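>>> this is the structure alone, sequence omitted:
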């Protein structure tokens, strides 16, 4: 579909996608775990076979993005390499081998009257996934939706449309090869932003859940306009706190990795908090390693007294997700001050403490109410693959339904299956009295 198509043509296109998605969801619900696994394996094989076409399409996206002035951090999210395509295919293959969540009994009990009741995982249905300049999400989302028996309606960012088209074509080829409904994974084929509004409207009940994966503006729009439930991922304004009992070598290794391993991911640390009691011992070697790695440090007055190479941090720095080699640094007067800072400025994503004091670590892990809390490890482990979920569709920072990395299991709902042997519920009054009451109410 051309981007210059009329609003009517776009409306017809998107609504037709919704209807086909609902039909595919019905068909997918009747497939077996083995059939879905075969489909995922075929998808992984198709991605590997399509590497050349995917990279060529991505090259055109990157060239266009640079011409449009996209930042290098966002281009890093957009760009694919042979290694990244291979990793994408490998991730889909891992999802194929991941335990199927559907039909799993999460609880089962027998009532005194003999009724057998089980709570069983079921698909959510049709998911509209709206994301920005991350073409790998096309494969991740499709794979996780198929594993969990859901249909995916994908709307990628305009910057990665050609890449996503190439990836989507490979995924659909895998579905077809496995004999699964090809409409189980659909990609909105236009850059027109009006398509997002149509998806948020729910397409006359064909969409069951909207999942935004992107920056503040995208999430805010989805939350404001969606007429169906949403599973939101807010920014990753993550903190690493160096407690007074932190090991200096461990602190240095963790902070450098948490910030610089890949600065454009949502799990990157954006603010470093250092306990005043040990700041003179801990901060200078950590700062030296960060600066050597090309990181700009923005500190408060106390931090700059210890590391003069820092520039002064402004109030906005404490609430900024840089997605760049920039780190804000604050000296805090103990754990309470660290927790208070996180509560004020954090986004509820991921927070870490580095300490050799197990009691202090337990206190931090219990007091900090973020989706992920970490002790003595990098915040960049905030990832569904690293959690053993077989990938993720995003990190949910909400408190309802799913929280943290959203993998296949988190994309399911449940139903209750009740098995009886002729039980009937006791009447509240004798049957004759109940029938008489009905008769008189109708006369």
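Arrived safely. What you see is a predicted model, and the numbers here were worked out from it, not measured in a lab. Numbering: from 1, shown residues only.

>>> what is the subsequent helix or strand relative to the helix or strand hosting residue 86?
Here residue 86, judged by DSSP states H and E, is contained in helix 82-97. Counting by DSSP H and E, the next helix or strand C-terminal to helix 82-97 is strand 105-110.

>>> what's that next one packed up against?
On a contact count with 3 or more C-beta pairs under 8 Å, 6 or more residues apart in numbering; DSSP states H and E, strand 105-110 meets strand 116-123. Placement of C-beta: from N, CA and C, glycine included.

>>> show me what the strand it packs on pairs with in its sheet, parallel or antiparallel.
In the sheet, strand 116-123 lines up against strand 105-110 (antiparallel), strand 412-419 (antiparallel) (DSSP bridges).

>>> could I get the average pLDDT for the shortest one?
This points to strand 105-110. Strand 105-110 carries an average pLDDT of 97.

>>> which of the residues in that strand are buried?
The neighbour-count check on strand 105-110 (16 or more other C-beta atoms under 10 Å) flags nothing as buried.

>>> about what we covered before: got the contact list for the helix holding residue 86?
The contact list for helix 82-97, computed with C-beta atoms under 8 Å, 6 or more residues apart in numbering, reads 37-38, 40-41, 43-45, 47-48, 51, 54-55, 80, 136, 139-140, 143-144, 146-147, 167, 385, 390-391, 408.

>>> kindly recompute the last result at 7 Å.
37, 40-41, 43-44, 47-48, 51, 54-55, 136, 139-140, 143-144, 147, 385, 390-391, 408 (C-beta atoms under 7 Å, 6 or more residues apart in numbering).

>>> in that helix, which residues are buried?
In helix 82-97, counting by 16+ other C-beta under 10 Å, buried: 85, 88-89, 91-96.

>>> check contacts around residue 265.
Contact analysis of residue 265 by C-beta under 7 Å, 6+ apart lists residue 380.

>>> helix or strand: which one has it?
Residue 265 is located outside every helix and strand, with elements delineated by DSSP H and E.

>>> from residue 268, how far off is the residue most central in space within the chain?
By C-alpha atoms, centre = their mean, the chain has its centre lying nearest to residue 394, at 0.7 Å. Separation of residue 394 from residue 268 (C-beta to C-beta, to the nearest Å) stands at 15 Å.

>>> which residues in the stretch 301-443 of the chain form helices?
301-306, 335-345, 358-367, 431-442 (DSSP state H, counting those that start in this stretch).

>>> for residue 294, which of the ones you listed is the nearest?
Minimum separation from residue 294 across those (C-beta to C-beta) falls at helix 301-306, 18.7 Å.

>>> what residues does the closest one touch?
Here helix 301-306 makes contact (C-beta under 7 Å, 6+ apart) with 279-280, 283-284, 310, 312, 329-331.

>>> residue 46 reaches residue 173, doesn't it?
Yes: using C-beta atoms under 7 Å, residue 46 makes contact with residue 173 at a distance of 4.5 Å.

>>> who's more crowded, these two?
Neighbours of residue 46 and residue 173, each counted by other C-beta atoms under 10 Å, are more numerous for residue 46; the result is 21 against 18.

>>> wait, what's in contact with that one?
Contact analysis of residue 46 by C-beta under 7 Å, 6+ apart lists 170-171, 173-174.

>>> put together CSV for these, with distance to residue 200 on each row.
Formatted as CSV, these follow (distance: C-beta to C-beta, whole Å):
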residue, distance to residue 200
170, 28
171, 24
173, 30
174, 29
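
>>> any idea of the pLDDT on residue 236?
Note on residue 236: pLDDT of 88.

>>> for the closest residue to it other than its chain neighbours, give its distance to residue 397.
The shortest distance from residue 236 to any non-neighbouring residue, by C-beta to C-beta, 6 or more residues apart in numbering, is to residue 266 (3.4 Å). In this view, residue 266 and residue 397 are 10 Å apart by C-beta to C-beta.

>>> and for these two, which residues touch both?
Each of residue 349 lies in contact with both residue 266 and residue 397 under the rule C-beta under 7 Å, 6+ apart.

>>> that older thread, and the helix holding residue 86, how far out from the chain's middle?
17 Å (C-alpha atoms, centre = their mean, to the nearest Å).

>>> for stretch 250-270, same thing?
How far stretch 250-270 lies from its chain's middle: 19 Å, per C-alpha atoms, centre = their mean.

>>> quick one: residues in contact with stretch 383-393.
Applying C-beta under 7 Å, 6+ apart, the external contacts of stretch 383-393 come out as 91, 94-95, 98, 129, 140-141, 143-144, 211, 267, 405-408, 411.

>>> show me these that map onto strands.
Per DSSP state E, strands hold the following members of the contacts of stretch 383-393: 129, 211, 405.

>>> which neighbouring elements make contact with the longest helix seen in the chain?
Determined from DSSP state H, the single longest helix within the chain is helix 7-28. Packing partners of helix 7-28 (3 or more C-beta pairs under 7 Å, 6 or more residues apart in numbering; DSSP states H and E): strand 126-131, strand 151-155, helix 194-200.

>>> residue 76 contacts residue 324, correct?
No: counting by C-beta under 7 Å, residue 76 does not reach residue 324; the two are 9.7 Å apart.

>>> neighbour count for these two, which is higher?
Per other C-beta under 10 Å, whichever of residue 76 and residue 324 has more neighbours is residue 324, with 18 against 15.

>>> wait, doesn't that one sit right on residue 73?
Yes: counting by C-beta under 7 Å, residue 324 does reach residue 73; the two are 4.9 Å apart.

>>> find residues that contact each of those two.
Here residue 324 and residue 73 share the contacting residues residue 263, scored by C-beta under 7 Å, 6+ apart.

>>> what's near enough to touch the residue nearest to the centre of the chain?
211, 213, 233, 406.

>>> pull the contacting residues for the third one.
In this case it means residue 233. Residues near residue 233 by C-beta under 7 Å, 6+ apart: 212-213, 219, 394-397.

>>> just the residues you listed now: which is nearest residue 154?
Once C-beta to C-beta is applied, the member of the contacts of residue 233 that ends up nearest residue 154 is residue 213, at 10.5 Å.

>>> so what's the closest one bridging to?
Here residue 213 sits in beta bridges with residue 131, going by DSSP bridges.

>>> per-residue pLDDT, residue 374?
Note for residue 374: predicted pLDDT of 98.

>>> that one and residue 267, how far apart?
In this view, residue 374 and residue 267 are 10 Å apart by C-beta to C-beta.

>>> shared neighbours, those two?
Taking C-beta under 7 Å, 6+ apart as the criterion, residue 374 and residue 267 both touch residue 350.
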